[in-house]
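Q: show me the folded form of this:
(4 chains)
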Protein chains: 2
Amino acid sequence: MSAQTTTRGNDADLAENANGAQRLHTTELANEIEFLTARARSLGSGRANNMLAELDLKVRSYSVLSLACSGQNPSQRELADFLSLDPSQIVALVDQLEQRGAVARETDPRDRRSKVIVATTAGRNLYKRAEAIVRRSEDQSLSTLSLQERETLRDLLKRIAF
Amino acid sequence: MSAQTTTRGNDADLAENANGAQRLHTTELANEIEFLTARARSLGSGRANNMLAELDLKVRSYSVLSLACSGQNPSQRELADFLSLDPSQIVALVDQLEQRGAVARETDPRDRRSKVIVATTAGRNLYKRAEAIVRRSEDQSLSTLSLQERETLRDLLKRIAF
DNA sequence: TCAATACTGTTGACTTTTTCAATGATATAC
DNA sequence: GTATATCATTGAAAAAGTCAACAGTATTGA
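A: Next up is the predicted model:
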């Protein structure tokens, strides 16, 4: 696949002409939490997108579907806030999911401006399959961490994400 | 700024008409490490970008500048691999930094295809200021975590990011 | 030595994502 | 009741990501 030239120490001379980029691991940047977070999410969502393609979903649409299945009846505004997306992006995502019959828009009777996104039966079935895929993807992405370490990571991230 | 309607419990009735999206915190999605990572990086890089704007930098260009200052003499290919970017994006980023006199391209005498990116004196000064800003930004983004927790987070992320 | 193959940076086209302003319908505040 | 604010939506523009092709250079192997 990618340039996995992990032939460390291929010769006796110093790291001057190192072929991989492993030497950048000692860099200041490589120790910044912001950078590590960005790289982790890039790798993770990349893998998840690849695996979700089988269901014609991406991480984005999966997230919307997931919240539609949550029983919390989120409005589009809430989805936008929660997913850190522009409201207009939510429109497009919900459009797609609605067109394939996975979710429906229901006007909130208490605020007729607001539309609540709910999953259909087909949507819940789709979510079940997607969820299994995402779990597998996450499991692969976190393969170097023990279960307890994953819990720790989850808790720490939760505190900075909310 | 944003909708900071944190008027929790503004009325006695139940969370049915909750105004924030706090109700979504209990969702399955809100507990997925992938999602939390994405949200954390969105918040973090958003803040960093805002603060770096004062130096006419973004997280991207800051990252390239940082590696150029690392003393590791990265090639553009290495930058692309390390930053998970397409080589053509590196071209644009280096172009910008080169045009403002922060970095220079030096043809690697050992491989004349490859160009090594090194920081100029002005580039190193710029990096010093940018680094301080990024540190402040990171400090704000991680304000809910103790120093030890930050170390834990850094180590866990490092293991899944490389 | 020479030819085939592979890699580097670069350009350009194309798609996707992001960002932002404007709008109609509805709700809230004064 | 009138002004103001909010929601979903549209559309446009900017930024970011993806991909194929190219010239120059290196590597490989006959």
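
Q: tally up the residues packed near the residue lying closest to A:Arg150 once chain neighbours are set aside, please.
A: What sits nearest to A:Arg150 in space, not counting adjacent residues and going by CB to CB, 6 or more residues apart in numbering or on different chains, is A:Leu142, at 5.5 Å. Placement of C-beta: from N, CA and C, glycine included. Neighbour count of A:Leu142, defined by other CB atoms under 10 Å in any protein chain shown: 21.

Q: would you map the strands across chain A?
A: A:103-107, A:115-119 (DSSP state E).

Q: check whether the first one comes near DNA strand C.
A: No - on the criterion CB under 7 Å from any atom of the strand, strand A:103-107 is out of touch with DNA strand C, staying 8.3 Å away.

Q: so in that sheet, which strands flank that strand, and in what orientation?
A: strand A:115-119 (antiparallel) (DSSP bridges).

Q: other residues contacting the partner strand?
A: With contacts defined as CB atoms under 8 Å, 6 or more residues apart in numbering or on different chains, strand A:115-119 is touched by A:64-65, A:67-69, A:73-76, A:79, A:94, A:102-108, A:127.

Q: so is it next to DNA strand D?
A: Yes - for strand A:115-119 and DNA strand D, the contact criterion (CB under 7 Å from any atom of the strand) is met by A:Lys115.

Q: returning to that earlier point: and the strands of chain A, which is most packed in?
A: Of these, the one with the most neighbours on average (mean count of other CB atoms under 10 Å in any protein chain shown) is strand A:115-119, at a mean of 21.

Q: OK, contacts around the residue lying closest to A:Ala30 once chain neighbours are set aside?
A: Nearest residue to A:Ala30, sequence neighbours excluded (CB to CB, 6+ apart): A:Leu24, at 6.1 Å. A:Leu24 sits next to A:30, B:67, B:70, B:72, B:74, B:78, B:82 when contact means CB under 8 Å, 6+ apart.

Q: ok, A:Leu65 touching A:Gly101?
A: No - at 11.7 Å, A:Leu65 does not count as touching A:Gly101 under the criterion of CB atoms under 8 Å.
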